[in-house]
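*Asks:* build the 3D model from these lines:
(chains A, B and C)
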Amino acid sequence: MSTVFMPEPDQLAAVRTARWDQPMLPEPWIVRSFRRETYDTFTLVLEPAGPRDPFLFAPGQFNMLYVFGVGEAPISICGDPATPELLVHTVRSVGPVTAAMARLRPGDMMGLRGPFGSSWPVEAARGRDVIIVAGGIGLPPLRPALYHVLAHREEYARISLLYGARTPLDILYPHEVERWRGRFDLDVQVTVDAADAAWRGNVGLVTTLISKAQFDPLDTTVMIVGPEIMMRFTVLDLVNRGVQESDIYISMERNMKCAIGFCGHCQFGPSFICNDGPVFSYDRLAPLLQKREV
Amino acid sequence: MMARKLLDGDSGGASPPAEPVIVDRCDLDCLLQVLQDAGYRTIGPTILEGAIVYDEVRSTSDLPVGWTDAQDAGSYRLVQRGDEALFGYAVGPHSWKKYLFPPLLTLWKAKRDGKAIEMVAEEPVVDKLALIGVRACELHAMRIQDRIFLGGGYADPTYARQREQLFIVALNCGTPGGTCFCASMGTGPRLDGGYDLALTEVMSDGHHYFVVSAGSGAGADALAQVPHRPALREEVAAAEDVVTAARSQMGRELETEGIKQLLYGSYEHPRWDDVAARCLSCTNCTMVCPTCFCSSVDDVNDLSGDEALRVRRWDSCFNVDFSYIHGGSVRSSPKSRYRQWMTHKLATWIDQFGTSGCVGCGRCITWCPVGIDITEEMKAIRRTQTVESSEVKEH
Amino acid sequence: METLERVIERHPFLQGLSHRYLLLLLGCASQARFNPGEFVFHMGENADNFYLIRHGKVALELYTAERGPLTIETLGDNEAVGWSWLVPPYRWNLDARAIQPTLTLSFDAACLRRKCEEDHDLGYEMYKRFTPVIAQRLQATRVQVLDVHRVHA
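*Replies:* Predicted structure coming up:
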């Protein structure tokens, strides 16, 4: 193997895409359900078009979803890794491909390639406190990690979910968030950036929730997804409280055309976001994140 | 399997005979004929529109006989040599990547029938290609692209299939060019494996011949069908002299000591502003570079709307929307794009693929319309190292 | 029954203050309770007091005619409400309204400002505690202004 990099074992995909010899060819999958979450976000649940081996994926990985005649977009898998018979993707409409996805309905067919990318360090976090920090559309890619740690609850110490949305109307999976809040073995804090007086919850950046979480800074694994600015300030706050950069993991986003390390678009310094990421430990990326236009 | 063998530098076949032989110039056409009879399209250098490019050649009369190339930053001219050398030039704007990694390629077709979609991969259509006159730098470039397209977790089917169907007639360089620096990059001028046949063109005392060694079983088989005789010691020495002389005629040089750490520590170097004032983001350098591999995909529909193609095409990190994510391009300034290209080529490539991405062929220097010289830029950065605000870690 | 002195001593915001200064603060202190919906202070009023939340939740609000009251930030247990008492012209620039039953330590701002003038070391201790609050609010506001979740097409 001539590549110099080797991601951490638990960050490597559990199973590579079945078509390693035809890695650009999508498989047909059918839309099982479509649900609108907010005015610009929706969830597609996909099932295979024909019989196939179970689609195994690790939390944090993504698929390339293809809409006939329009194109492909990288979308995080946001369902439960324990039940991969149905693949769940929450999508935000930001361009022509995702806008076309918003028009799909049950019974429509899509193309799918995956799973790709590195995964959340759910193994390395065993025995430690876990903090999951989600900003806005950052909750979907973190949800599989939350499912995993909750399914193996006894393997972890204290678990906190800190979730910041733009406004109360932008809160994703509100019923599920309420159910999580009701658990005794999970601490859930929610805040919004702006609200009118009808909202009686927290208002402020998600960083303001960190002081409310219970964790030992020297024995915690943190996973963060959100707008880059939000991730940066969250990391700053955590580091000021004594958390090591190597214990903080983020998920990066870049332009992707192939997801297999061929097209070159997703490079960030020496890393290919599609292969070496999208999940990275923060210490690995920190110096480059501080430079502009890398 | 096949991918592994290519990465180890062996182009397949039984173990070759070690002794070099002499093929007279007049018998070189015989070699071309042998290859054509074996079903190969013979591709080699030929003159077109004032440049030496790669195209189908039927006989040695199609080669740029008696021509050489005068190359400098932003300048390329064909000049008559005054002799009859067949390969008396360096490299032109084409590289062999256009055969292994075509500029335009249909990957698959999707057909829609009601709600159902069927996606079918396009079978790679590859010819048996015999590449004539491949330089050491070009062989290194091929090995570098092998690592990308075959050596990772995924394989490109067209690249893999075409790579299998190559017969490589390589050439030890006799006439390096004004922008060449393969000696600095450790990629030439001497060949070091990865070929079926290796030639060195010798013209001395009125004799014009080729010292030829086989690098594979297939090479040996082809050679067996071409008139040849054992090489005399002085003939082998003459071939050696050609390569030794070439080594000292490099037009450029590039110091590679500590280059990765140096560039990792130069993201904020003022030289990038300097080069940005000159760079047009025209993408010439990435097109002529034999190792640049970036591509993009387009989805092309027919008028009925029932058929869609996924087409791959060459792309360049100099294109402004190369790094577009919702909201804008990450690298919106030409400065950031030039920095990306050069830092990738000379530094991050090493962490990604284990070698430099540059083979010192000089094409980017020659074909840059404003004459930006990667070796000059590197010298300028090395001369005035700065202390950066944050240190980029190497891996 | 807990004395006010003990409560002040134990409040995290006043951590590290010498006993002498705690007593000085005690001289300006009392407790104040707010029911949900009750205003702690109004924009434009003189900043006569500042409050340390013992428990509860207070929303900082800005009211505009077109949009009604907008919540800028909510403050919870042990947080300080109000820093305008330290900065001339000593007037509140936001509304503060309790949105949960809230118990606070209330400090007479004029009284405390006078004591800080008399004893600059006390003033220094107060500024040391409030400047990070102001900085954190400023930082957060800057990022909130950027509206990072919005898609910039």
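*Asks:* OK, contacts around the residue nearest the centre of chain C?
*Replies:* When C-alpha atoms, centre = their mean is applied to chain C, the residue found nearest the centroid is C:Val81 (1.8 Å). C:Val81 sits next to C:40, C:50-53, C:58, C:60, C:75, C:96, C:104 when contact means C-beta atoms under 8 Å, 6 or more residues apart in numbering or on different chains. Yep, even glycine has a C-beta here, placed from its N, CA and C like the rest.
*Asks:* and the pLDDT for it?
*Replies:* If you check C:Val81, the pLDDT there is 94.
*Asks:* measure it to C:Leu105 for me?
*Replies:* 10 Å (C-beta to C-beta, to the nearest Å).
*Asks:* what residues are shared contacts of the two?
*Replies:* Overlap of the contact sets of C:Val81 and C:Leu105 (by C-beta under 8 Å, 6+ apart) consists of C:51-52.
*Asks:* residues touching B:Tyr40, list them.
*Replies:* B:Tyr40 is in contact with B:127-130, B:167, counting by C-beta under 8 Å, 6+ apart.
*Asks:* my error: substitute C:Gly27 in the last question.
*Replies:* C:111, C:115.
*Asks:* pull out the buried residues from stretch C:73-93.
*Replies:* By 16 or more other C-beta atoms under 10 Å in any protein chain shown, the buried positions in stretch C:73-93 come out as C:73-76, C:79-82, C:84-86, C:92.
*Asks:* closest one of these to chain B?
*Replies:* C:Glu73 (26.1 Å; C-beta to the nearest C-beta).
*Asks:* leaving out sequence neighbours, find the closest residue to that closest one.
*Replies:* Computed as C-beta to C-beta, 6 or more residues apart in numbering or on different chains, the closest residue to C:Glu73 that is not its neighbour in sequence is A:Gly204, at 4.4 Å.
*Asks:* shouldn't that neighbour be in contact with C:Glu79?
*Replies:* No - using C-beta atoms under 8 Å, A:Gly204 is not in contact with C:Glu79, being 10.5 Å away.
*Asks:* hmm, stretch C:131-141 touching chain A?
*Replies:* Yes - interface with chain A: stretch C:131-141 contributes C:139-140 (C-beta under 8 Å from any C-beta of the partner chain).
*Asks:* what's that stretch in contact with?
*Replies:* With C-beta under 8 Å, 6+ apart, stretch C:131-141 has contacts from A:204-205, A:207-208, A:233, C:72-73, C:80, C:83.
*Asks:* most neighbours, which of the contacts of B:Tyr40?
*Replies:* With neighbours set by other C-beta atoms under 10 Å in any protein chain shown, the maximum within the contacts of B:Tyr40 is found at B:Ala130, which has 26 neighbours.
*Asks:* give me the phi and psi for that residue.
*Replies:* In terms of degrees, to the nearest 10, the main-chain angles of B:Ala130 are phi -110, psi 120.
*Asks:* against B:Ala222, how distant is it?
*Replies:* From B:Ala130 over to B:Ala222 (counting by C-beta to C-beta), the distance is 9 Å.
*Asks:* quick check: neighbours shared by these two?
*Replies:* With C-beta under 8 Å, 6+ apart as the test, B:Ala130 and B:Ala222 both reach B:35, B:167.
*Asks:* okay, domains of the chain per the record?
*Replies:* Using chain A. Following automatic domain parsing, chain A resolves into domains at A:9-116, A:129-251.
*Asks:* meant chain B, my bad for not saying
*Replies:* B:2-110+B:122-247, B:259-294+B:317-383.
*Asks:* circling back to that earlier point, quick one: which of the buried residues of stretch C:73-93 is nearest B:Ile374?
*Replies:* Among those, C:Glu73 lies closest to B:Ile374 (C-beta to C-beta), at 52.0 Å.
*Asks:* for the closest one, helix, strand, or coil?
*Replies:* What DSSP: H, G, I helix; E, B strand; the rest coil gives for C:Glu73 is strand.
*Asks:* and stretch B:240-260, how far out from the chain middle?
*Replies:* Remark: stretch B:240-260 is offset 17 Å from the chain centroid, using C-alpha atoms, centre = their mean, to the nearest Å.
*Asks:* that one: which residues count as buried?
*Replies:* So for stretch B:240-260, counting by 16+ other C-beta under 10 Å, buried means B:242-243, B:246, B:249-252, B:254, B:256, B:259-260.
*Asks:* may I see the residues you listed organised as JSON lines, with secondary structure, pLDDT and distance to A:Arg103 added?
*Replies:* Shown next, in JSON lines, are those (DSSP: H, G, I helix; E, B strand; the rest coil; pLDDT from 0 to 100; distance: C-beta to C-beta, whole Å):
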{"residue": "B:Val242", "secondary structure": "helix", "pLDDT": "96", "distance to A:Arg103": "66"}
{"residue": "B:Val243", "secondary structure": "helix", "pLDDT": "95", "distance to A:Arg103": "64"}
{"residue": "B:Ala246", "secondary structure": "helix", "pLDDT": "96", "distance to A:Arg103": "62"}
{"residue": "B:Gln249", "secondary structure": "coil", "pLDDT": "94", "distance to A:Arg103": "63"}
{"residue": "B:Met250", "secondary structure": "coil", "pLDDT": "95", "distance to A:Arg103": "59"}
{"residue": "B:Gly251", "secondary structure": "coil", "pLDDT": "94", "distance to A:Arg103": "58"}
{"residue": "B:Arg252", "secondary structure": "coil", "pLDDT": "97", "distance to A:Arg103": "55"}
{"residue": "B:Leu254", "secondary structure": "coil", "pLDDT": "98", "distance to A:Arg103": "53"}
{"residue": "B:Thr256", "secondary structure": "coil", "pLDDT": "97", "distance to A:Arg103": "53"}
{"residue": "B:Ile259", "secondary structure": "helix", "pLDDT": "97", "distance to A:Arg103": "50"}
{"residue": "B:Lys260", "secondary structure": "helix", "pLDDT": "97", "distance to A:Arg103": "47"}
